[in-house]
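**Q** Generate a structure from the sequence data that follows.
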Amino acid sequence: MLLLTIDRQAELPLHRQVVQQLRRKIERGDLRCGDRLPSTRRLGDLLGIHRATAALAYQELWSLGYLDLREKATPQVRQRRQLAGGEARSGQRLDWEALSSATSRLVFAEDQAVPPVPSQTDLINLATLDLDPALFPIARFRECLARVLSKDGAGLLGYGDRLGFPPLRDYVSRRLRQHGITAELPEVLLTNGSQHGLDLLLRLAADGRRGVAVEEPTYDTFLRLLHSYGSPIYPVPMTPAGMDLIRLERLLRTTALAYIYTIPTFQNPTGISAGQAQRERLLALAEHYRVPLIEDGFDEEMKFFGNSILPIKSMDRMGCVIYCGTFSKVLFPGCRIGWVVADPDCIARLGALRRTQDLSSSALLQAALWDFCEHGYFDRHLARMHRVFKRRMRCALGALRRHIPPAHATWADPPGGYLLWLRLPDGVDADAVVAYGLRAGVRVLSGRPFFPRASRAGYLRLSVSSAGEPEIEEGIRRLELALRTVHQGAAQLRHSAPTTAKAKGRWSAGRPHAGRVS
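**A** Alright, predicted model coming up:
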């Protein structure tokens, strides 16, 4: 006989009370596999509930796997596999290291080498390229989101156009004309940030045989993306003017390439901007050897000092240049909206590829961003960003000059963007500076992850994107403490000249890997 009770005063529906009590009896073993339960009519009579309520309870227990229900047969308890919760999650786990491909193991190992960001509250972060949340235009964007949702919510909550929300694509096309780029609607693809665009491009043409020529150093996350595809990487050294085009041409003469990848404006990590003549020569090489040129314009809008130089894409007559951009680095990263501008045939192929990946982007977010732009809010926000970051970059450059002597680090003043690239003297370990910087309360990045191959020279990358002026000043002062400590240690090592592996091990022990932040 079932000992079930019904509490008609309880908030829990009657059928749920039955479900909970029967489930508990089955899990405790009071009811065993093969035991038969009363019919729905009989259970209803026993508990004083409607037959339909009893049937609803049995149906839910069947869907949870506790009962077998057959036509013209009484319900029967079945053996159900134990739920995998808490202590039940045990046994032999799959070996995902063995199941992973060689390239994915490499990417995972690189990712695991990145230490977590320290949680200390007084840490000044000069490492990340994330924008300062205090600058996010939250109220305006909320207004735009509500407006488009109210106007066309049903249309925006379905799957969107694979190439992106057409009005926003049109806006991107019109805005790029300010940068000298002529692009019609079939030449514009909206992506989930610029990284998504780069991923699609590698899926399109990087097949593991043809590699990609990249600047050295370059955007570290793009290097990891190349590793994930198993694409050969061909580093071309950076000069103060940009990519070394003599070395690039030597490479082009002998090597079949899928792409040339360049960041000609406010290059990540060096902050270098290539001049007009450099851009023309680079385009001429890409055209002559018929190799697509990926121009990463992630930071194009953030010009503070001097005159702007038009993108390479503005001179592209052959459809050789693929221009990638993003709203993330000037608006807020969470919007995840970027774009690829390329030959219509290239865009159509990228659109077909993205249908196999994520079908489409969020039409709702893209429509809200379009509304934000069409009402002039983006232009006003961009003007504010220019004012704020011009002051922050001047603050950083002034603090570097005040606090850091040339013997400890050298740098070039960038014409815009968020980044500063410091070169350390020979023999000074950038990773050690990062470690001592964390102890002093400032986080910066070692330059090592930005190099496709091992580099003997030590570099640091600083970013002003998320720190205010007082923090920048204090952070650079703390950085000098770390530089001085490591500089003195390197000088002592040179004088003592240790030669044994044991002596070298004492100095190198405990250096943390420098974190990667895009």
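**Q** wait, what's in contact with residue 35?
**A** 76, 77 (C-beta atoms under 8 Å, 6 or more residues apart in numbering). For glycine as for every other residue, the C-beta is placed from the backbone atoms N, C-alpha and C.
**Q** my guess is residue 261 meets residue 206, correct?
**A** No - using C-beta atoms under 8 Å, residue 261 is not in contact with residue 206; the gap is 10.5 Å.
**Q** Residues that sit against both of the two, list them.
**A** Common contact partners of residue 261 and residue 206 (C-beta under 8 Å, 6+ apart): residue 212.
**Q** Give me the more crowded residue out of these two.
**A** Counted by other C-beta atoms under 10 Å, residue 261 and residue 206 do not tie: residue 261 has more neighbours, with 29 against 20.
**Q** show me the contacts for that one.
**A** With C-beta under 8 Å, 6+ apart, residue 261 has these contacts: 212, 213, 214, 215, 218, 222, 294, 296.
**Q** just residue 483 next, same as before
**A** Contacts of residue 483 by C-beta under 8 Å, 6+ apart are 404, 408, 409, 424, 428, 433.
**Q** now for the residues you listed, which pair is the farthest apart?
**A** Largest separation among the contacts of residue 483 by C-beta to C-beta: 404 and 428, giving 12.4 Å.
**Q** ok, back up a step: sitting in strands, which of the contacts of residue 261 do you find?
**A** 212, 213, 214, 215, 294, 296 (DSSP state E).
**Q** top of those residues by neighbour count?
**A** Counting by other C-beta under 10 Å, top hit in those: residue 215 with 30 neighbours.
**Q** Setting aside sequence neighbours, what's the nearest residue to residue 303?
**A** Closest residue to residue 303 apart from its sequence neighbours, by C-beta to C-beta, 6 or more residues apart in numbering: residue 416 at 4.2 Å.
**Q** pLDDT added to the ones in strands among the contacts of residue 261, as TSV?
**A** Below are those laid out as TSV (pLDDT from 0 to 100):
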residue	pLDDT
212	96
213	97
214	97
215	97
294	97
296	95
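**Q** of all those residues, which two lie farthest apart?
**A** Of all pairs in the ones in strands among the contacts of residue 261, the most separated under C-beta to C-beta is 213 and 296 at 13.4 Å.
**Q** Kindly confirm my reading that residue 268 is in a strand.
**A** No - Residue 268 is assigned coil when assessed by DSSP: H, G, I helix; E, B strand; the rest coil, not a strand.
**Q** Count the neighbours of it for me.
**A** Each residue near residue 268 was counted by other C-beta under 10 Å, and the total is 27.
**Q** One more: residue 315?
**A** Residues lying near residue 315 (other C-beta under 10 Å) number 17.
**Q** I'd say it and residue 282 touch.
**A** No - taking C-beta under 8 Å as the definition, residue 315 is not a contact partner of residue 282, at 10.1 Å.
**Q** Dump the ones in strands among the contacts of residue 261 to JSON lines, plus distance to residue 354.
**A** Putting the ones in strands among the contacts of residue 261 into JSON lines (distance: C-beta to C-beta, whole Å) gives the following:
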{"residue": "212", "distance to residue 354": "20"}
{"residue": "213", "distance to residue 354": "25"}
{"residue": "214", "distance to residue 354": "23"}
{"residue": "215", "distance to residue 354": "27"}
{"residue": "294", "distance to residue 354": "17"}
{"residue": "296", "distance to residue 354": "19"}
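**Q** what's the distance between the nearest residue to residue 459 once chain neighbours are set aside and residue 453?
**A** Distance criterion C-beta to C-beta, 6+ apart; nearest residue to residue 459, sequence neighbours excluded, is residue 447 at 2.8 Å. Residue 447 is 13 Å from residue 453, where distance means C-beta to C-beta, to the nearest Å.
**Q** quick one: which of those two has more around it?
**A** A count of neighbours by other C-beta under 10 Å puts residue 447 above the other of residue 447 and residue 453, at 25 against 7.
**Q** list the contacts for that one?
**A** 217, 269, 421, 430, 455, 458, 459, 460, 461.
**Q** cool, residue 349 as well?
**A** Contacts of residue 349 by C-beta under 8 Å, 6+ apart are residue 204.
**Q** Could you measure from it over to residue 83?
**A** For residue 349, the distance to residue 83 - C-beta to C-beta - is 46 Å.
**Q** now residue 221: how far from residue 299?
**A** In this structure, residue 221 and residue 299 are 14 Å apart, going by C-beta to C-beta.
**Q** The two: which is more packed in?
**A** Using other C-beta under 10 Å, the more surrounded residue of residue 221 and residue 299 is residue 299, with 24 against 16.
**Q** Assign a three-state SS to the more buried one, would you?
**A** Look at residue 299: counting by three-state DSSP, its state is coil.
**Q** Repeat that for residue 325.
**A** Going by three-state DSSP: residue 325 is strand.
**Q** Quick check, pLDDT for residue 93.
**A** Model confidence at residue 93, given as pLDDT, is 79.
**Q** That one: neighbouring residues, count only.
**A** That count, for residue 93 with other C-beta under 10 Å as the rule, works out to 7.
**Q** what residues are up against the residue nearest to residue 296 when sequence neighbours are not counted?
**A** Nearest in space to residue 296, with sequence neighbours left out and distances taken as C-beta to C-beta, 6+ apart, is residue 263 at 4.5 Å. Counting by C-beta under 8 Å, 6+ apart, residue 263 touches 215, 218, 219, 295, 296, 297, 298.
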